[in-house]
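Student: what's the 3D shape of this:
(2 chains)
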Protein chains: 2
Amino acid sequence: MALIVKKFGGSSVKDTERLLNVANLVTEDYAKGNDVVVVVSAQGDTTDHLIEKAKEISEAPSKREMDMLLSAGEQISIALLAMAIEKLGFPAVSLLGWQAGFKTNASYTSARIKTVEAERITSELSKHNIVIVAGFQGINKFDDITTLGRGGSDTSAVAIAAALKADLCQIYTDVDGVYTADPRKVKNAVKMDEIEYSEMLELATLGAQVLNNRSVEMAQKYGVELEVLSSLERKPGTIVKEKVKMEKMLVRGVACDKNVCRFSIIGLEDVPGIAFRVFNSLAKSKINVDIILQSVGRDGTKDISFTVPEDQQQDAENALESLKDVLKYQSLIKDNKVSKVSIVGTGMESHHGVAAKMFEALYTANINIQMISTSEIRVSVLIDEKDTDAAANAIHDAFIK
Amino acid sequence: MALIVKKFGGSSVKDTERLLNVANLVTEDYAKGNDVVVVVSAQGDTTDHLIEKAKEISEAPSKREMDMLLSAGEQISIALLAMAIEKLGFPAVSLLGWQAGFKTNASYTSARIKTVEAERITSELSKHNIVIVAGFQGINKFDDITTLGRGGSDTSAVAIAAALKADLCQIYTDVDGVYTADPRKVKNAVKMDEIEYSEMLELATLGAQVLNNRSVEMAQKYGVELEVLSSLERKPGTIVKEKVKMEKMLVRGVACDKNVCRFSIIGLEDVPGIAFRVFNSLAKSKINVDIILQSVGRDGTKDISFTVPEDQQQDAENALESLKDVLKYQSLIKDNKVSKVSIVGTGMESHHGVAAKMFEALYTANINIQMISTSEIRVSVLIDEKDTDAAANAIHDAFIK
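Tutor: Numbers count the residues shown, from 1 in each chain, chains lettered A, B, ... in the order given. All right, here's what the predicted structure looks like:
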C-alpha cells in the first residue's frame, strides 16, 4: 500500500482507446490497495489546435488569455479520463489546477509553482477516490489561470508527489525508460535501470526529451523518486534517484541536440567590456546562450562565438545587428546546420581523460569539433549537423559498449 | 454612459470572422463610454463535439465530469474573444464562471444560480476593462464546476445584469428580434418592437427558441430590460419589459412545438387515485407532462391522454409499462407525429372568444384538434404534425394580419 503519482502525456490520452488503456493502468494499482493520483496533459494535438485558433485571431495574443485558452485542453482530458475510470467501475474525481491547490507566480505561459495546497487532493484520497489532476496549470495571486509552459505536466506531477510525500512518481511516455542514447539513432543504446538526478538533469537539458528538466530539478530538491516508463508496455522503466547503487559506468548517456544555432562575431575590438556588452544585450532579449568560445586577441581584434537554441536565432540576430554600431565588429556569421553532442555521467568527475577519449572517438570517425564545453559531469561538443548520428554512435561505442 | 450586458450564442462566435464581428459590436459600445460585460457560449458545435467524446467513452458519464468537460467550451470562446478585442486595441479580460462569482446549487448539468458575487467583475469594470464572462457555468459549494444546462448562457447574462443593476441586457441571436410567429414558416409574421415578460415567457416555453425561458423568468423577477437582436445586422431588436406601452394586440404571437409526443392510456379503471398514480410515477421519472386530457368515465373505464417532450418519450413509456400491473389499463398508445400550436397575448385575458376564433381558423383550414390546453394568456392545441405550418399561418392571419 503506497501513494503513487502517475503522469500521462498527451499521446497517452490522445483518443478513447488510449484513455481506456490509461484507466486500466491506473485502476490496476488502485485495486491493489494503493492511493493513486493521476496527472494528465491535454489530448494529443489539442494544445497545438488551440494555439492555431489564437494565431488566427492575433499574431500576438496576450499571455493571460493564452493561458485561459490552453488550460481548457487539460480540463477536457481530466474529465474524459475520470469518465473512463468510472466506466471501469472505480471511483474517480477530476480536479483543475486551482482545485488541486496549484499556486504559481504571475508569469503567464511560463509560471513557476510556488506551493501545492493539497488539502482537496488529500480529502478526495481519504474518500478512496482516484484523483485526476490537470497538469500544466495553476492560478496566481489574482485568481487567474497560469500555465507552466510546455512539458509543465511533468513538473505538476513531481510537485504533487512532493506535497503528498508520495512513495513514487511515475512518468509514462512513449518509450520504456531512459537510454544511454537515442535508440532510434544509436544502435547499441541500452536502457538504464537507474540513473541519478544530476545525470538525468544534464541529459534532459541536453536534448533527451524524455523528462522536462524543471521536473528533475524539483524531484532532486524534494527527494521524489521518479520512474520513467512506457504507457503501452507493462514492464519496469528507469528509476531516477539520488544515488545509484549499481557499479557506475563512467559515462551514463549520450545526448544529441540539433536545435542549435551558432553565431560568430568576427573582428571585435580587443578591449575590456566587449563580451559583457554582447551577452548583456542577449540576456535582455531573453536569449539562452549555451556554449561560448572567445578567440585570443590578435592584431587588436578578437572573435566571439556562441550557440543559442534554433528558435531564438532571429531574436539573437536582431539583438546583435542593433549592436553593430556600438561593437564595431567586422562581420556576423550564423550557422544553424550544427548540433551539440554530449556525454553525461557523475563517474567522470573523478576520472581524467574522459574528454580526451571522446575527442579521440570523434577523430577516429573523422568528425570535426567546432566548439567544446564542459562541466563536472558533462562534456559537450559542437559539430556539423550531418555528422550527429555518426558522432553519437562513435562516442557511445567508445564509452558504453 | 450606461452599463450594458451583451450575450452572444455559439453561432455568433463560431469562427474567427464571427469573433471579430462580435469584438467590433462590443467595442463600438465601449468606445461610446459605456461599461460593457459580455457573456459568451461555446463556439458553434464545440459542446456537441465534447458530448460525442464523452459518449465514446461511456454511455452514462457522471454528471460532475460532464460539467467539467463541457465548461471547457466556454473557456475557449472567452479567451478567443478577449484576444479579438485586444487585437482591436481595447482592454479586455476573460473570466470563468467561478472567477465571475457564479455560485450555483449542486445539480450538475442543470444547476440553478444561487448568487452572482460580482466583486471581480465590478473591479475589472472600474479598471476600464471590457469583461468577458463564460456563460452556462458556475461552481457549487464543493468548489466543483456546474453547468446551467442548454440555453444557460442567456440566464448567465440576465443574472449578471441583475447583480450589476445593468441598464440593458442584450441577447444577440441569428434573428433580428421576436416575431409574431416563426418567419420561416408563417409568411405574414412580423417583428415586434416590444413584448411583455409574461408573453415572452409563454412564447419561450411554447417552443419559440429565441430566448431561454428561465432567463425571461429571471429578467422579470429582477426587472432586467432585455433586448433580443441580431449579431449580424445593426438594427434595433425586440425589447422585453414589464409593460408594453403601445396599443395592445389581442394575440402577440403564434408558437409551434414539434418536440411533442402524445400518450393515451386506454381503459383505465374509473376509480379515484388513478390519475394520481399515473402522474406521480411520471414525476418521479422527472418527465415534464404538458397537456393532459381525461375522458369522462364510461362502462367503468376511462382514458387519460397527455403529452411529453419527444426526448422523454422512452422514459415515459418505461414508467407506464412498469405500471401496467398496478393500473390494469387495456392499452397504451404513443404518437410522436403531433405538434403543439399556441397563441399568446396578455390581451386575451380580458377578451372572450379568443379560443373560439382560433378553433374557427383551424376548422376553416380543415385541421383537426386533438387536445386543448389554456391559461390566462395562452391557448394551445395539439394537432397532426404535418398540419403545423398550415395551422400557424391560419391562426396568425386570423389574429395578427
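Student: Considering only helices and strands, which part of chain A has the lowest mean pLDDT?
Tutor: Between all helices and strands in chain A, the lowest mean by mean pLDDT, DSSP states H and E belongs to strand A:292-294, at a mean of 82.
Student: quick one: contacts for the closest residue to A:Met371 other than its chain neighbours?
Tutor: With C-beta to C-beta, 6 or more residues apart in numbering or on different chains as the criterion, A:Met371 has its nearest non-adjacent residue at 4.0 Å, and that residue is A:Leu382. To be clear about C-beta, it is placed using only N, CA and C from the backbone, and glycine gets the same treatment. Going by C-beta atoms under 8 Å, 6 or more residues apart in numbering or on different chains, A:Leu382 touches A:Val260, A:Arg262, A:Ile291, A:Thr307, A:Val338, A:Ser339, A:Lys340, A:Ile369, A:Gln370, A:Met371, A:Ile372, A:Ser373.
Student: still on that earlier bit, partner strands of the least confident helix or strand of chain A and their direction?
Tutor: Paired neighbours of strand A:292-294 in the sheet (DSSP bridges): strand A:301-309 (antiparallel).
Student: what's the offset of the partner strand from the middle of its chain?
Tutor: How far strand A:301-309 lies from its chain's middle: 25 Å, per C-alpha atoms, centre = their mean, to the nearest Å.
Student: and for it, what are the contacting residues?
Tutor: Counting contacts by C-beta under 8 Å, 6+ apart, the residues outside strand A:301-309 that touch it are A:259-270, A:274-275, A:278-279, A:282, A:287-296, A:316, A:330, A:338, A:340, A:371, A:382.
Student: Derive a PyMOL selection command for the buried subset of those.
Tutor: The following PyMOL line selects those of those that are buried, judged by 16 or more other C-beta atoms under 10 Å in any protein chain shown:
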select buried, chain A and resi 260+261+262+263+264+265+267+268+274+278+282+287+289+290+291+293+316+338+340+371+382
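Student: Among the contacts of strand A:301-309, name the ones in helices.
Tutor: If you go by DSSP state H, the contacts of strand A:301-309 have A:Ile274, A:Ala275, A:Val278, A:Phe279, A:Leu282, A:Ala316 in helices.
Student: could you dump those to JSON lines with pLDDT and distance to A:Val158?
Tutor: Listed next are those as JSON lines, based on pLDDT from 0 to 100; distance: C-beta to C-beta, whole Å:
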{"residue": "A:Ile274", "pLDDT": "82", "distance to A:Val158": "41"}
{"residue": "A:Ala275", "pLDDT": "82", "distance to A:Val158": "36"}
{"residue": "A:Val278", "pLDDT": "87", "distance to A:Val158": "36"}
{"residue": "A:Phe279", "pLDDT": "87", "distance to A:Val158": "31"}
{"residue": "A:Leu282", "pLDDT": "88", "distance to A:Val158": "30"}
{"residue": "A:Ala316", "pLDDT": "92", "distance to A:Val158": "31"}
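Student: Closest to chain B out of those?
Tutor: A:Ala316 (27.8 Å; C-beta to the nearest C-beta).
Student: Please report how far that closest one lies from B:Met218.
Tutor: From A:Ala316 across to B:Met218, the span is 57 Å (C-beta to C-beta, to the nearest Å).
Student: Flag every residue of the stretch 51-200 of chain A that's near chain B.
Tutor: Residues of the stretch 51-200 of chain A found near chain B (C-beta under 8 Å from any C-beta of the partner chain) are A:53-54, A:56-58, A:61-62, A:64-66, A:68-69, A:71-73, A:75-76, A:78-80, A:82-84, A:86-87, A:92-94, A:96, A:98-99, A:120, A:143-145.
Student: per-residue pLDDT, the closest residue to chain B within the stretch 101-250 of chain A?
Tutor: Proximity of the stretch 101-250 of chain A to chain B (C-beta to the nearest C-beta) peaks at A:Asp143, 6.0 Å away. Per-residue confidence (pLDDT) for A:Asp143: 96.
Student: Quick one: classify the closest residue to it other than its chain neighbours as helix, strand or coil.
Tutor: Closest residue to A:Asp143 apart from its sequence neighbours, by C-beta to C-beta, 6+ apart: B:Gln99 at 6.0 Å. Under DSSP: H, G, I helix; E, B strand; the rest coil, B:Gln99 falls in the coil class.
Student: Let me see the contact set for B:Gln99.
Tutor: A:Asp143, A:Asp144, B:Arg120.
Student: Check what pLDDT it gets.
Tutor: B:Gln99 is assigned a predicted lDDT (pLDDT) of 98.
Student: Can you give me the neighbour number for the closest residue to chain B within the stretch 301-401 of chain A?
Tutor: Relative to chain B, the nearest point of the stretch 301-401 of chain A is A:Asp311 (22.1 Å; C-beta to the nearest C-beta). A:Asp311 has 9 neighbours, counted by other C-beta atoms under 10 Å in any protein chain shown.
Student: what's the span of stretch A:101-110 from first residue to last?
Tutor: End-to-end distance for stretch A:101-110: 18 Å, by C-alpha to C-alpha, to the nearest Å.
Student: Quick one: residues in contact with it.
Tutor: For stretch A:101-110, contacts defined as C-beta under 8 Å, 6+ apart pick out A:62-64, A:66-67, A:111-121, A:137-142, A:144, A:146-149, A:156, A:159, A:163.
Student: run the last query once more with 7 Å
Tutor: Stretch A:101-110 is contacted from outside by A:63-64, A:66-67, A:111-121, A:137-141, A:146-147, A:149, A:156, using C-beta atoms under 7 Å, 6 or more residues apart in numbering or on different chains.
Student: Of these, keep whichever come out buried.
Tutor: Buried residues within these, counting neighbours by 16+ other C-beta under 10 Å: A:64, A:66-67, A:111, A:113, A:116, A:118, A:120-121, A:137-140, A:146-147, A:149, A:156.
Student: Might you specify the subset of the residues you listed located within helices?
Tutor: Short answer: the buried ones among the contacts of stretch A:101-110 in helices (DSSP H) are A:Arg64, A:Met66, A:Asp67, A:Arg120, A:Ile121, A:Ser156.
Student: what's the pLDDT at the first one?
Tutor: According to the prediction, A:Arg64 has pLDDT 97.
Student: same question, the last one
Tutor: The per-residue pLDDT reported for A:Ser156 equals 97.
Student: tell me which residues in stretch A:124-140 are buried?
Tutor: The neighbour-count check on stretch A:124-140 (16+ other C-beta under 10 Å) flags A:124-125, A:129-140 as buried.
Student: what angle separates the longest strand anywhere in chain A from strand A:301-309?
Tutor: Using DSSP state E to define each element, chain A has its longest strand at strand A:253-269. If you take axes from the mean of the first three to the mean of the last three C-alpha atoms, to 10 degrees, strand A:253-269 sits at 140 degrees to strand A:301-309.
Student: Strand partners (parallel or antiparallel) of strand A:253-269?
Tutor: Sheet pairing for strand A:253-269, using DSSP bridges, gives strand A:301-309 (antiparallel), strand A:331-344 (antiparallel).
Student: May I see the buried residues of the longest one?
Tutor: Within strand A:331-344, the residues that qualify as buried are A:Leu332, A:Asp335, A:Asn336, A:Val338, A:Ser339, A:Lys340, A:Val341, A:Ser342, A:Ile343, A:Val344, counting by 16+ other C-beta under 10 Å.
Student: So the fourth one versus B:Gly138, what's the distance?
Tutor: Pointing back at A:Val338 there. Relative to B:Gly138, A:Val338 is positioned 54 Å away (C-beta to C-beta).
Student: Chain A - how does it break down into domains?
Tutor: Structural domains annotated on chain A: A:3-173, A:254-399, as defined by automatic domain parsing.
Student: From the ones you listed, pick the one with the highest average neighbour count.
Tutor: Counting by mean count of other C-beta atoms under 10 Å in any protein chain shown, domain A:3-173 has the highest mean neighbour count of the domains of chain A, with a mean of 22.
Student: so how far does that one reach from one end to the other?
Tutor: Start-to-end span of domain A:3-173 (C-alpha to C-alpha) is 20 Å.
Student: Same question for stretch A:307-318.
Tutor: Terminal residues of stretch A:307-318 are spaced 15 Å apart (C-alpha to C-alpha).
Student: starting at the chain centroid, how far to that stretch?
Tutor: 19 Å.
Student: does A:Val379 count as helix, strand or coil?
Tutor: Assigned with three-state DSSP, A:Val379 falls in the strand class.
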